[in-house]
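In: no sequence for this one, just the structure:
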């Protein structure tokens, strides 16, 4: 990362790492086009020109710059003051205070830390807004991929959610792109093969007795006839241009992956994901990629069966392999969040909220992912950043006052939380010792 203190706030972000070719995602500022630079805000109040340039590079990525200019392959450290200046600009004051506390507890020079924390107190927080250099060209763009009509394989694993699955299959019947097949891997009990007779779709049905999400997706990919793989789920809703919007994004940006955006039922696309950008995450519930990509990075890791973050791990493999992945707001879908079926029957609501008090926190596969790619120290920082906020139920995770209450409750429940975390760490160690369960696509 461009600024050292980001390791405390985003310790397991994809962009903390360099790719396999030694590149970062952050563009060298001197090489950026003028039309972009005109939309960035130069901050000359940093104590060094290098920090000013790093800030501009950060802005470019956060605002949605997608380009092919040279990126930083070596990041030099900037001063402690510039690090505090930077996090004050882009993060809530609570998190700035969190960083200074962590650094003091890490035995950093207390005089330096408190002085620079104090000296940057007047830095005002800046809201990131998107750039608009692509919109006009994108809207006028005629996609040859759409005109060519190459086959798309839509993959949907399902488990005991026929009532929800019906809705997304009806949505697929209305697609404005016609050359696609739907591969459904059904693990339901009872299995109702006759359910699929009511749809006007090219459905390839796979009945899988083992309840295993990543096995299901891997099997579907192996059986796919399409040039493109479109990944979906059984509890989402998609628009009639969902497939064509993914194809157009791949074509316009000359990308290999289009990472779609989710928004909750009754809500809207989050502001920070409402524009095209280099994808900083990957979700298997809404994405399209060339099938050939799986030959380069292999299939999904089955260490994540019945657990969480298998798609996050796959997304990081894409990033490390220098595969261009675009966050695509045009291919959005509604996340219905079914209350039953699927992973709800196998574990928890999310990666950090276990099913009961004596289950591991976080889900062990999360620490397997973090420790395997980022190491133990960043993984511990990630635990500090996330575990206290996970005490309250999933439904309240965006309620800031309740999240603060969660932090206070976590102090009272500290012995239990420590037990949960140690249990998760131990189970993750077993996964790491066993190693990844990733097979190639033949």
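Out: Perfect, thanks for sending it. All values derive from a computational prediction rather than experimental measurement.

In: Tell me how far residue 148 lies from residue 140.
Out: Per Cβ to Cβ, to the nearest Å, residue 148 is found 19 Å from residue 140. In short, each C-beta sits where N, CA and C put it, glycine included.

In: more neighbours, these two?
Out: When neighbours are counted by other Cβ atoms under 10 Å, residue 148 comes out ahead of the other of residue 148 and residue 140, with 11 against 7.

In: And that one, its phi and psi?
Out: Backbone torsions of residue 148, given as degrees, to the nearest 10, read phi -70, psi -30.

In: Check residue 227 too.
Out: phi -70, psi -30.

In: tally of neighbours for it?
Out: Residue 227 has 15 nearby residues by other Cβ under 10 Å.

In: show me what contacts it?
Out: 150, 151, 152, 290, 291 (Cβ atoms under 8 Å, 6 or more residues apart in numbering).

In: Among these, which pair sits farthest apart?
Out: Farthest-apart pair in the contacts of residue 227 is 151 and 290; separation 12.0 Å (Cβ to Cβ).

In: Now do the shared contacts for the two.
Out: Common neighbours of residue 151 and residue 290 (Cβ under 8 Å, 6+ apart) are 227, 228.

In: Pick out whichever of those two has more residues nearby.
Out: More neighbours surround residue 290 than the other of residue 151 and residue 290, with 18 against 14 (other Cβ under 10 Å).

In: Next up, the contacts around the more buried one.
Out: Applying Cβ under 8 Å, 6+ apart to residue 290 gives the contacts 227, 228, 229, 250, 256, 257.

In: Near the second one, how many other residues are there?
Out: Here the neighbour count serves as a burial measure; for residue 228 (other Cβ under 10 Å) it reads 23.

In: Next up, phi/psi of it, please.
Out: Main-chain torsions, residue 228, degrees, to the nearest 10: phi -120, psi 140.

In: That one bridge partners, please.
Out: Bridge pairing for residue 228 (DSSP bridges) gives the partners residue 152, residue 290.

In: Quick check, pLDDT for it.
Out: pLDDT recorded at residue 228 is 98.

In: show me the contacts for it.
Out: By Cβ under 8 Å, 6+ apart, the contact list for residue 228 reads 150, 151, 152, 153, 246, 247, 250, 288, 289, 290, 291.

In: which residues touch the residue nearest to the last one when sequence neighbours are not counted?
Out: Looking back up the chat, that one is residue 291. Spatial nearest neighbour of residue 291, chain neighbours left out: residue 229 (5.2 Å); criterion: Cβ to Cβ, 6 or more residues apart in numbering. Each residue near residue 229 by Cβ under 8 Å, 6+ apart is listed here: 152, 153, 155, 221, 288, 289, 290, 291, 294.

In: Could you export those residues to JSON lines, including columns for distance to residue 264?
Out: JSON lines is the format used below for those (distance: Cβ to Cβ, whole Å):
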{"residue": "152", "distance to residue 264": "26"}
{"residue": "153", "distance to residue 264": "27"}
{"residue": "155", "distance to residue 264": "23"}
{"residue": "221", "distance to residue 264": "28"}
{"residue": "288", "distance to residue 264": "22"}
{"residue": "289", "distance to residue 264": "25"}
{"residue": "290", "distance to residue 264": "30"}
{"residue": "291", "distance to residue 264": "30"}
{"residue": "294", "distance to residue 264": "30"}
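
In: Next secondary structure element downstream of the helix-or-strand element of the chain with minimal mean pLDDT?
Out: Among the helical and strand segments of the chain, the one scoring lowest on mean pLDDT, DSSP states H and E is helix 400-412, with a mean of 65. Going down the chain from helix 400-412, the next helix or strand is helix 414-434, by DSSP states H and E.

In: which strands and helices sit next to that next one?
Out: Applying 3 or more Cβ pairs under 8 Å, 6 or more residues apart in numbering; DSSP states H and E, we find helix 414-434 packed against helix 364-374.

In: Let me see the confidence value for the residue lying farthest from the centre of the chain.
Out: Most distant from the centre of the chain: residue 111, at 37.7 Å, with distances by Cα atoms, centre = their mean. For residue 111, the pLDDT comes out at 97.

In: just for the stretch 101-250 of the chain, where's the confidence low?
Out: Within the stretch 101-250 of the chain, no range satisfies pLDDT under 70.
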